[in-house]
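Chemist: What shape does this take:
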Amino acid sequence: MKVAGSFALVVAAFACADAFAPPTSPTFTRSSTTALSAQTTRSDFVRLVAGSAAAAALGSISPLPSLAETTPSGVGIEVVKAGDGPAPSIGEMAAIRFKAQTGGNTIDDIFGTPEPYYTRVGSGGLIKGVEEVLPKMRVGDRWILTVPGDLAFGKKGRPASAGKPRIPGDAVVTFEVEMVGLPGKEVELIELIGDD
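Modeler: Now for the predicted structure:
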């Protein structure tokens, strides 16, 4: 699919390049002392319109984010925002905010809550696909993960519960996660302002 898309872009670029070249046949005639008129052939006009359309189409193509990748296990990672804080180690406590969705249904959303969700990295408290990716994040990172069914809720899925929808077996889960803190690893406020 990528090859076909790249080929189409190259063909479109070469096809419309001629449209931006100066026309070969317009002639300028002076019909009066104050007006000039340009006579353009039909083929020059078609080239100009086709080139403009191709340029507009190429300008509206939005490429994948430059920081998109897929882990060897199949978890898709799209970087929404890159942080510059410390990264967690396995066993450390991490404060995250997240929103999980599948099939258009929101499973969980704690972006609007006053407190983040605290989890110990690598403890198994989250779905496998998220557990795999958390150690790669830094404080301030906000990523969208596309977690395949076998690394989410598996073949059984999850039954509906109070306020939570049923998740069918092997459902792909989109998990937007933000690493907001690493309690104990970040510079404490008291260290920044002093305790005088």
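
Chemist: so what's Asp170 up against?
Modeler: By C-beta atoms under 8 Å, 6 or more residues apart in numbering, Asp170 lies in contact with 149-150, 154-155, 157. In short, each C-beta sits where N, CA and C put it, glycine included.

Chemist: Do a quick rundown of the helices in this protein.
Modeler: 2-17, 42-59, 128-133, 189-193 (DSSP state H).

Chemist: neighbours around the closest residue to Gly169 other than its chain neighbours, how many?
Modeler: Among residues not flanking Gly169 along the chain, Gly157 sits closest, at 4.2 Å (C-beta to C-beta, 6 or more residues apart in numbering). Residues contacting Gly157 under the criterion other C-beta atoms under 10 Å number 15.

Chemist: And Glu69, by the same measure?
Modeler: By the measure other C-beta under 10 Å, the count of residues near Glu69 is 12.

Chemist: Thought Ile77 was touching it, still the case?
Modeler: Yes: if you go by C-beta atoms under 8 Å, Glu69 and Ile77 touch, sitting 5.2 Å apart.

Chemist: Show the contacting residues for the spatially closest residue to Lys81 that is not a sequence neighbour.
Modeler: Counting by C-beta to C-beta, 6+ apart, Lys81 lies nearest to Arg142, which is 4.0 Å off, once chain neighbours are set aside. For Arg142, the contact set (C-beta under 8 Å, 6+ apart) comprises 79-81, 83, 176-179.

Chemist: Please work out the average pLDDT along stretch 173-191.
Modeler: For stretch 173-191, mean pLDDT rounds to 81.

Chemist: in stretch 124-134, what's buried?
Modeler: Using 16 or more other C-beta atoms under 10 Å as the test for burial, stretch 124-134 gives 126-134.

Chemist: ok, back up a step: export the contacts of Arg142 to CSV and tack on distance to Ala162 and neighbour count?
Modeler: Formatted as CSV, these follow (distance: C-beta to C-beta, whole Å; neighbours: other C-beta atoms under 10 Å):
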residue, distance to Ala162, neighbour count
Val79, 34, 16
Val80, 30, 13
Lys81, 32, 10
Gly83, 34, 17
Glu176, 23, 17
Val177, 24, 23
Glu178, 26, 20
Met179, 28, 26
